[in-house]
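Chemist: the sequence and its predicted three-dimensional model are supplied below.
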Amino acid sequence: MVETSDEWIRERTGIGERHVSVGETVVTLGSEAACKALEQAGKRAEEIDLILVATCSPEQYLPCCACQVQAAIGAVNALAFDVNAACSGFLFALNTADAYLRTGLAENALVIGSEVLSKLVDWTDRGSCILFGDGAGAVVVERCEASPGILGRALHSDGTGGGVLQCGARELTTPYARTSAAKTDQKQQTDDREHYIQMDGQEVYRFATRRVPQCIEEALADAGLAVPDIDLFVLHQANARIIDAVAKRLHADREKFPTNLERVGNLSSASIPVLLDELNRQGKLHRGDRIVLAGFGAGLTIGACVMTW
């Protein structure tokens, strides 16, 4: 499909293997992750007040993935909707859930990141097809007076950079339109590749290595903390070189930046919750740990939050 090698991919991305769906969907993967999170949290599905699914790869426009997950797991009392901020999606969804909890609109929330990006990849494009994998992760969050939870945050969007990382939809037409809305811009590509992920890798790298450290420092300032106060930095798993650069710019110990992209690749909105779950199962997260979550994605979007485990 594309001329490359294991050595070339590992050297440039840090990715060694990925998982590709053979029939699983955003909803089935998200539902499975949700059930595991509920089990760990000791919660029943009907006790959940809010379900947020962060995804940029739904199989259908309607209904939203969150409503389908709600039905699948039996969370009959939950409000449910999707959040699409691409690879930043989980962070945006987590902060949305936090706002619901802080304002008393919900007592708890199930936040899911789920992606099946393999169906959006142009398997002839070496710049993108080597990066993305499929998967899902989920967390249960709830109001707790005894724990501060999220201590600080910083979330930003820059729509002027939308062309750096994009993926077109199907052609949109009406019986009354001579040309589709998708074709009105003369700069729009007209071949089939516009329906797959298109990425300017160098621009994404420059954006991430500049803005992620800035966003983390902004969130730390909001929390009244500094880099040395943090036990772990759980970053979106896009590229090992990006993570290395962020650690260097923050003057932080690289050992505080755990990774799993060598085994799962870039899972977009699922990358942070999947890594959190792995760290938790490995006993590497301890009550009271101060953790930074940070990510970036199409939009362009970027976010960071400081939390107490």
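Modeler: Nice, thanks for sending it over. Residues are numbered from 1 along each chain as shown.

Chemist: go ahead and confirm Leu165 touches Ala298.
Modeler: Yes: in this structure, Leu165 is within contact of Ala298 by Cβ atoms under 8 Å, at 4.1 Å. For glycine as for every other residue, the C-beta is placed from the backbone atoms N, C-alpha and C.

Chemist: okay, and the common contacts of those two?
Modeler: Contact criterion Cβ atoms under 8 Å, 6 or more residues apart in numbering; residues bridging Leu165 and Ala298 by contacting each: Ala86.

Chemist: surely Ala270 is within a helix?
Modeler: Yes: counting by DSSP: H, G, I helix; E, B strand; the rest coil, one finds Ala270 located in a helix.

Chemist: what bridges to the closest residue in space to it that isn't next to it in sequence?
Modeler: The shortest distance from Ala270 to any residue that is not its chain neighbour, by Cβ to Cβ, 6 or more residues apart in numbering, is 4.0 Å, and that residue is Gly113. For Gly113, the residues forming beta bridges with it (DSSP bridges) are Ala54, Gly137.

Chemist: count of residues packed around Gly113?
Modeler: Here the count is done by other Cβ atoms under 10 Å, and Gly113 has 34 residues near it.

Chemist: which stretches of this protein form strands?
Modeler: Taking DSSP state E as the criterion, the chain contains strands spanning 50-54, 79-83, 108-116, 134-142, 150-157, 165-167, 197-199, 232-235, 290-297, 301-308.

Chemist: what's the closest of those strands to Glu32?
Modeler: In terms of Cβ to Cβ, the element of the strands of the chain nearest to Glu32 is strand 134-142, at 6.9 Å.

Chemist: how distant is that closest one from the center of its chain?
Modeler: 10 Å (Cα atoms, centre = their mean, to the nearest Å).

Chemist: now that strand: mean pLDDT?
Modeler: Per-region confidence: strand 134-142 scores 97 on mean pLDDT.

Chemist: I'd like to know which elements that strand is packed against.
Modeler: Applying 3 or more Cβ pairs under 8 Å, 6 or more residues apart in numbering; DSSP states H and E, one finds that strand 134-142 contacts helix 26-41, helix 89-102, strand 108-116, helix 271-281.

Chemist: now render the ones you listed as CSV, adding distance to Trp123 and mean pLDDT.
Modeler: Written out in CSV, the entries for these read as follows (distance: least, Cβ to Cβ, whole Å; pLDDT from 0 to 100):
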stretch, distance to Trp123, mean pLDDT
helix 26-41, 19, 97
helix 89-102, 23, 96
strand 108-116, 14, 97
helix 271-281, 21, 96
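
Chemist: right, and the residue nearest to Ala270 touches Thr55 too?
Modeler: Yes: when contacts are counted by Cβ under 8 Å, Gly113 is listed as touching Thr55 (7.2 Å).

Chemist: now do the shared contacts for the two.
Modeler: Taking Cβ under 8 Å, 6+ apart as the contact rule, the neighbours common to Gly113 and Thr55 are Gly89, Ser268, Ser269.
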